[in-house]
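S.K.: model this:
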Amino acid sequence: MSSEIWNLHTPTGMDDEDWYLPRGRLFIGGGGHGDGFGTGVLNAIPTPEAPVVYVPSADANSRANPWGGDRRLLEVGFKNVYTLHTWDRKEADSDEFVKPMQDAAAVILGGGETYRLTETFVGTRFQEELHGVLNRGGIVAGASAGSMVMGSIVIDQPYMRFKGYTEGFGLLRNSIIDVHVLARNLHYNLVDAQREYPDALAIGIDERTVIAVDGNWFSVHGESYVVMIDAEPQSTQQECFYFLKDGDGYDLKGRFPMRKQRATEPFAQCRRREPVEGQE
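M.R.: Okay, the predicted model is just below:
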């Protein structure tokens, strides 16, 4: 997975409310990543010695083996990794628990089941400190479940204990993030979610693919696609998807895809099939 262009700039010169991500950077992965994901984060922090916090709490095996993920990060080249794990909301809301986050250059949220993160951390000091990392110009990175909770709204999944939608960390404001979207044929979940929350930005990220978010722009990196619902056709109830590939970008505020270089081929799209008369 390409990582050399993950290093982006932090926006300046406008008020915070003008930016989807006013400060810091988000690396949001669709799951199924190899070591390329960790390498991308490593290349974006100031030095390999910079403190990094790894949070494995979405994984059911976190209690038995909370250090499995940080071993992989050390193998990639990180020199200073602290594993931070709990399923106790009271502990997640304590000053002592969040101390390692207060000087972290990056926080990495591991994969697993999203409800473990929402039920443990939403509304606690942990969530506040995630925003603090970004406000200092740091990085929050996630894969799979760790990506879904970065949005302001989290989509229900079959294995989750809640139904419908729940609150996320809101690191990328006014957004809904789904993962594994093409590998698991989940991209129409985004249509349902956007109908429920028409003002929210619905982003679907497939496996082995990452978006790097910077201000009002994200760039796509990896082997598969990012699925975006085109805002324009919604008025006719004919949802249209954009499929963005490695090197493509998206303007979050204007809600349209972009390319940094000229390309002759159009953005790949598909349109939802019209219902057949007499069928639901």
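
S.K.: pretty sure residue 255 is touching residue 202, no?
M.R.: No. If you go by Cβ atoms under 8 Å, residue 255 and residue 202 don't touch, sitting 10.4 Å apart. Where C-beta positions appear, they are placed from N, C-alpha and C, glycine not excepted.

S.K.: okay, the two: which has more neighbours?
M.R.: Under the neighbour definition other Cβ atoms under 10 Å, residue 255 and residue 202 were set side by side, and residue 202 has more, 27 against 13.

S.K.: surely the more buried one is within a helix?
M.R.: No. Read with DSSP: H, G, I helix; E, B strand; the rest coil, residue 202 is strand and lies in no helix.

S.K.: please name the residues that touch it.
M.R.: Counting by Cβ atoms under 8 Å, 6 or more residues apart in numbering, residue 202 touches 175-176, 178, 190-191, 193-194, 228-229.

S.K.: what's the farthest-apart pair in those?
M.R.: For the contacts of residue 202, the farthest-apart pair by Cβ to Cβ is 175 and 191; their separation is 15.4 Å.

S.K.: so the two - more neighbours on which side?
M.R.: Using other Cβ under 10 Å as the criterion, residue 175 and residue 191 rank with residue 175 on top: 22 against 15.

S.K.: so what's that one bridging to?
M.R.: Note on residue 175: beta-bridge partners by DSSP bridges are residue 201.

S.K.: so who does it touch?
M.R.: Residue 175 touches 20, 150-153, 200-203, counting by Cβ under 8 Å, 6+ apart.

S.K.: strands of the stretch 151-280 of the chain, start to end?
M.R.: 151-155, 165-167, 172-179, 201-205, 209-215, 217-222, 226-229, 240-244, 248-251, 256-259, 268-271 (DSSP state E, counting those that start in this stretch).
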